[in-house]
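Peer 1: A predicted structure for the sequence below; I have some questions about it.
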Amino acid sequence: MRSEPNAYSRQWFEFFHVGIDEARTVQETDFVCHCAPREEFPKIIDVCCGMGRHAHALSKRGYVVTGIDRDAEAITTARELGGGPNYILADIRDCQFAPETFDAAIVLGQSFGHCDPATNRDILLRIASSIRKRGRVILDLWNPEFFLAHQGERELTTSKGIAREIKRVGGDRLFVQLDYPDGAHEKFEWQLFSPEQMERMANSAGLILSTSCNGFDARAVPSPTEPRIQFVLERAGSD
């Protein structure tokens, strides 16, 4: 039986997902719209869509959105939002869409890289095959330079209380442990990608790295002071 990396609990969603500021959703959605304008990229798949924050916002802007996630409770919440997206309860490791079903794919909120390297590449291949030629993939990942300099322990204060976070980098992976106020624990991990590492992986999946940036601003070059990095990949070939 295969392991289930980064299986987010209800407690995680309550601590870190519910109540995200609307301005953050707007900023992130603006970035998607900039990198994949609706007129050219009307059909989008939101991979690991969670509770539909981005899928819902993009649908309101006129995109035809399909969201996929393996968490049944998250999909249920997403469907309750309504607003147009079609949601699929499935694990991206098992789900294979017909070739060139979508114009673009988004994987936001550090929802890529949590498997072993071979599986991560397979997931990217699955995503790449689901979009048309010249289609785009937008990834929002952790920045390795930032976490190399910010290992250790800290307290995270949320509306649900204070959680303790312990993080470390081992090789090209980030390991995180969360300790909740009630004594519960969760562990997460991700493969980290520098622009050079992402470019190599993208090329192996038939994708071209066109943009590396931070702050959901295509003009802002990745910075070791920023924890997140965005990549825009384009599928090789012509329409």
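Peer 2: Right, received. Where do you want to start? Residues are numbered from 1 along each chain as shown.

Peer 1: and the helix or strand hosting E196, what other elements does it pack with?
Peer 2: In the assignment (DSSP states H and E), E196 maps to helix 195-204. Packing contacts for helix 195-204, counted by 3 or more Cβ pairs under 8 Å, 6 or more residues apart in numbering; DSSP states H and E, involve helix 117-130, strand 207-213, strand 228-235. C-beta here means a position set from N, CA and C on the backbone, and glycine is covered the same way.

Peer 1: Now do the strands in this structure.
Peer 2: 43-47, 64-69, 86-89, 102-107, 131-142, 152-158, 161-170, 173-179, 185-191, 207-213, 228-235 (DSSP state E).

Peer 1: Looks like R173 contacts E189 (just checking).
Peer 2: Yes: with contacts counted by Cβ atoms under 8 Å, R173 reaches E189, the gap being 5.6 Å.

Peer 1: got the domain boundaries for this structure?
Peer 2: 10-143+193-235, 147-185 (automatic domain parsing).

Peer 1: Would you check the distance separating the longest one from the middle of the chain?
Peer 2: The one in question is domain 10-143+193-235. 5 Å (Cα atoms, centre = their mean, to the nearest Å).

Peer 1: And the average pLDDT for it is what?
Peer 2: For domain 10-143+193-235, mean pLDDT is 93.

Peer 1: With adjacent residues omitted, what lies nearest to S212?
Peer 2: P195 (4.1 Å; Cβ to Cβ, 6 or more residues apart in numbering).

Peer 1: contacting residues around that neighbour?
Peer 2: By Cβ atoms under 8 Å, 6 or more residues apart in numbering, the contact set of P195 is 209, 212, 222, 229, 231.

Peer 1: S212 too?
Peer 2: So, once contact is read as Cβ under 8 Å, 6+ apart, S212 ends up touching 195, 198, 221-222, 229-231.
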